[in-house]
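# pasting a predicted model and its sequence here:
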Amino acid sequence: MKPQPVRGMNDVLPEATVIWQYVEGLVRDVLQSYGYREIRLPLLEQTELFRRSIGEVTDIVEKEMYTFLDRNGESLTLRPEGTAGMARAGITNGLLYNQRQKLWTSGPMFRYEKPQKGRYRQFYQIDVEAMGYDGPDVDAELIIMSARIWERLGLSRLRLEINSLGTTESRQQYREVLVAYFEGVRDQLDEDSLRRLEQNPMRILDSKNPDLRAVIEAAPVMLDYLDEESRVHFAELCEILDAAGIDYTVNSRLVRGLDYYTRTVFEWITDALGSQGAVCSGGRYDGLVEKLGGKATPAIGWAMGVERLVSLFEACGGKAPDQNPDVYVVAVGDAALRASFELVETLRDEMPQLKIELNLGGGSFKSQLKRADKSGAMFAAILGADEVAKKELGLKPLRSDGEQLSIPFDKLAAALASQLQQVG
Ligand code: ATP
Ligand code: MG
């Protein structure tokens, strides 16, 4: 039997990485153009970090974390998301003392979920966090920046939902109203929700059980219980988004799966990927840094799932530029092979951007030419014993009916430059 990867974990093959690199590169360019700088963080953190930040009564902490004891008996967890580590790193490295930070990071996240299309146990995220910023202006800019990413990638079929969860205090008030409501309809709740009713009632709003839809629809609405400051914050965010021409709907049931959110939360959702429709989600977490032992620092961020982003890119007809070689070097016989090395390395010096593939493993002229064609190269550079003697090679266009040209070795770079320019 063939060896298999761990369930829910995927190899990203070269045909796919071409697209991933292109998509990730575009995202990175946009982030950096808004002044976000990259930070790289460990995949492992102390389990306690996630318990304290994400919250005990959440899907992630209750049942999705990869947690183990290391050889020293310390409990470690493979990161299920990026914000906790980002906040931890901000505190550890003193990045938040009288400073503001606009940071991004990317890489794999791990959650023990039920694997299905668009939902994996190892998946990739691009994470953005603005720490030390409290105004609705940064909330708006983060959303506008994501909209720019969609535009650059040519994505459509994405809609934006936003909500405000208020402050910890206003949430407390709302929580009481909500508990009273759900107590009244107790008999209609499922087992999960009954447990949440005791521990974290707002999470019931996030239930994916279709049987609960009506009960949840009729529940009291968070926005009616916002404190004055949060209300103003949210109204200003909406105004900036309106002025910027960003369409959104206010979804008062949007609570997000993590405990650390305050005020603004949002989600970009697509109908193009079946039921795994959340492509980019985020929110404000004004209390998190302080809760983890740092100085009180308002902050907001979002994370996008790269697998879902790439799928949507493809569903919208997106294509990555091809990575085929420009030239495939066909060298027949020992003398030609030896000469081709020098020729190719000189060419790499002269044209560092050129993609050159040298035929490896010998073979007849015919079989090498076949490989050249299969490689997708624009040109074959052909050398045999005669060519080496004359210090000339044959340059054969592979994607058009053009004539094969004879090019002196020392004119190869110039000839290729002009030929490649002609084919565009
Ligand atoms: P969902 O509602 O789909 O479970 P989530 O609310 O758990 O998403 P977040 O924790 O906010 O997601 O993560 C941010 C983004 O990461 C999501 O919008 C999604 O694109 C992606 N994502 C989350 N979990 C997975 C997963 N298991 N596999 C692939 N992508 C994921
Ligand atoms: Mg989830």
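Perfect, thanks for sending it. Ligands and ions are numbered 1, 2, ... in the order given.
# what's the spacing between the helix or strand where A214 lies and its chain's center?
Per DSSP states H and E: A214 is located in helix 213-217. How far helix 213-217 lies from its chain's middle: 32 Å, per Cα atoms, centre = their mean, to the nearest Å.
# list the buried residues in it.
215-216 (16 or more other Cβ atoms under 10 Å). C-betas here are computed from N, CA, C, even on glycine.
# spit out the contact partners of D29.
Residues in contact with D29 (Cβ atoms under 8 Å, 6 or more residues apart in numbering) are R152.
# should've said P80
Applying Cβ under 8 Å, 6+ apart, the residues contacting P80 are 50, 54, 60, 64-66, 109-111.
# what about Q21, neighbour count?
12 (other Cβ atoms under 10 Å).
# pLDDT wise, what is the closest residue in space to A331 that isn't next to it in sequence at?
Residue nearest to A331 in three dimensions, not counting chain neighbours: S340, with 4.0 Å by Cβ to Cβ, 6 or more residues apart in numbering. pLDDT, S340: 96.
# I'd say S340 and L358 touch.
Yes - using Cβ atoms under 8 Å, S340 is in contact with L358, at 6.3 Å.
# who has more neighbours, these two?
Between S340 and L358, counting by other Cβ under 10 Å, S340 is the more crowded of the two (21 against 17).
# tell me what the strand or helix carrying the more buried one is packed against?
In the assignment (DSSP H and E), S340 maps to helix 334-350. Packing partners of helix 334-350 (3 or more Cβ pairs under 8 Å, 6 or more residues apart in numbering; DSSP states H and E): strand 327-331, strand 356-358, strand 379-383, helix 385-390, helix 412-423.
# among the ones you listed, which is nearest ligand 1?
For ligand 1, the closest of the helices and strands packed on helix 334-350 is strand 356-358, at 34.4 Å, according to Cβ to the nearest ligand atom.
# residues in contact with the helix or strand just after that closest one: which ones?
As assigned by DSSP H and E, the chain's next helix or strand after strand 356-358 is helix 365-374. Residues outside helix 365-374 that contact it (Cβ under 8 Å, 6+ apart) are 328, 330-332, 359, 363, 380, 382, 384, 398.
# can you flag the buried ones in those residues?
The buried subset of those (16+ other Cβ under 10 Å) comprises 328, 330-332, 359, 380, 382, 384, 398.
# widest-spaced pair of those residues?
Farthest-apart pair in the buried ones among the contacts of helix 365-374 is G384 and L398; separation 17.7 Å (Cβ to Cβ).
# report the beta-bridge partners for the residue in the stretch 201-350 of the chain positioned nearest to ligand 1.
Nearest residue of the stretch 201-350 of the chain to ligand 1, counting by Cβ to the nearest ligand atom: G305, 2.4 Å away. Note on G305: beta-bridge partners by DSSP bridges are Q125.
# who in the stretch 101-250 of the chain is up against ligand 1?
By the rule Cβ under 6 Å from any ligand atom, the part of the stretch 101-250 of the chain lying against ligand 1 is 111, 113, 118-120, 123, 125.
# using a markdown table, lay out those together with secondary structure.
Below are these laid out as a markdown table (DSSP: H, G, I helix; E, B strand; the rest coil):
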| residue | secondary structure |
| --- | --- |
| R111 | coil |
| E113 | coil |
| G118 | coil |
| R119 | strand |
| Y120 | coil |
| F123 | strand |
| Q125 | strand |
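# closest to ligand 1 out of those residues?
Distances from ligand 1 to these, taken by Cβ to the nearest ligand atom, are shortest for F123, at 3.4 Å.
# can you count the residues close to the closest one?
Count around F123 with other Cβ under 10 Å applied: 20.
# tell me who's in contact with V61.
Residues in contact with V61 (Cβ under 8 Å, 6+ apart) are 50-51, 54-55.
# let's see that with 6 Å instead.
By Cβ atoms under 6 Å, 6 or more residues apart in numbering, the contact list for V61 reads 51, 54.
# now swap in G118 and tell me
Taking Cβ under 6 Å, 6+ apart as the test, what G118 contacts is 273, 276, 308.
# can you tell me the SS state at S106?
strand.
# grab the nearest non-local neighbour of it.
The shortest distance from S106 to any residue other than its chain neighbours is 4.4 Å, reached at I126 (Cβ to Cβ, 6+ apart).
# and for E62?
Per Cβ to Cβ, 6+ apart, closest to E62 is E56, 7.5 Å.
# so where does the one you found fall, helix or strand?
Of the helices and strands defined by DSSP H and E, none includes E56.
# so the closest residue in space to S75 that isn't next to it in sequence versus W20, what's the distance?
Once flanking residues are discounted, S75 sits nearest to T47: 4.1 Å by Cβ to Cβ, 6+ apart. Distance of T47 to W20, given as Cβ to Cβ, to the nearest Å: 30 Å.
# same thing with S418?
Applying Cβ to Cβ, the value for S418 to W20 is 33 Å.
# quick one: which of the two has more around it?
Counted by other Cβ under 10 Å, S418 and W20 do not tie: W20 has more neighbours, with 17 against 9.
# any idea which element that one lies in?
Here W20 is assigned to helix 14-33, by DSSP H and E.
# now do that helix: distance to the chain's middle.
Relative to the chain's own centre, helix 14-33 is displaced by 9 Å; criterion: Cα atoms, centre = their mean.
# over to stretch 384-398?
Worked out by Cα atoms, centre = their mean, stretch 384-398 lies 46 Å from the chain centre.
# how about stretch 258-278 as PDB, C-alpha atoms only?
The C-alpha trace of stretch 258-278 is given here as PDB (Å, rounded to 0.1, in the frame of the first residue of the first chain):
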ATOM      1  CA  LEU A 258     -13.100  33.100  18.900                       C
ATOM      2  CA  ASP A 259     -13.600  34.800  22.200                       C
ATOM      3  CA  TYR A 260     -11.200  37.600  21.900                       C
ATOM      4  CA  TYR A 261     -13.200  39.800  19.500                       C
ATOM      5  CA  THR A 262     -14.600  43.100  20.500                       C
ATOM      6  CA  ARG A 263     -16.500  45.700  18.400                       C
ATOM      7  CA  THR A 264     -15.900  45.200  14.700                       C
ATOM      8  CA  VAL A 265     -16.100  41.700  13.200                       C
ATOM      9  CA  PHE A 266     -16.400  40.900   9.500                       C
ATOM     10  CA  GLU A 267     -16.300  38.100   7.100                       C
ATOM     11  CA  TRP A 268     -16.000  37.900   3.300                       C
ATOM     12  CA  ILE A 269     -18.100  35.100   2.000                       C
ATOM     13  CA  THR A 270     -18.400  33.500  -1.400                       C
ATOM     14  CA  ASP A 271     -21.100  31.300  -2.900                       C
ATOM     15  CA  ALA A 272     -18.700  29.900  -5.400                       C
ATOM     16  CA  LEU A 273     -17.100  27.200  -3.200                       C
ATOM     17  CA  GLY A 274     -20.000  25.300  -1.800                       C
ATOM     18  CA  SER A 275     -20.500  25.300   2.000                       C
ATOM     19  CA  GLN A 276     -16.900  26.400   2.900                       C
ATOM     20  CA  GLY A 277     -17.700  29.900   1.900                       C
ATOM     21  CA  ALA A 278     -15.700  32.000   4.400                       C
END
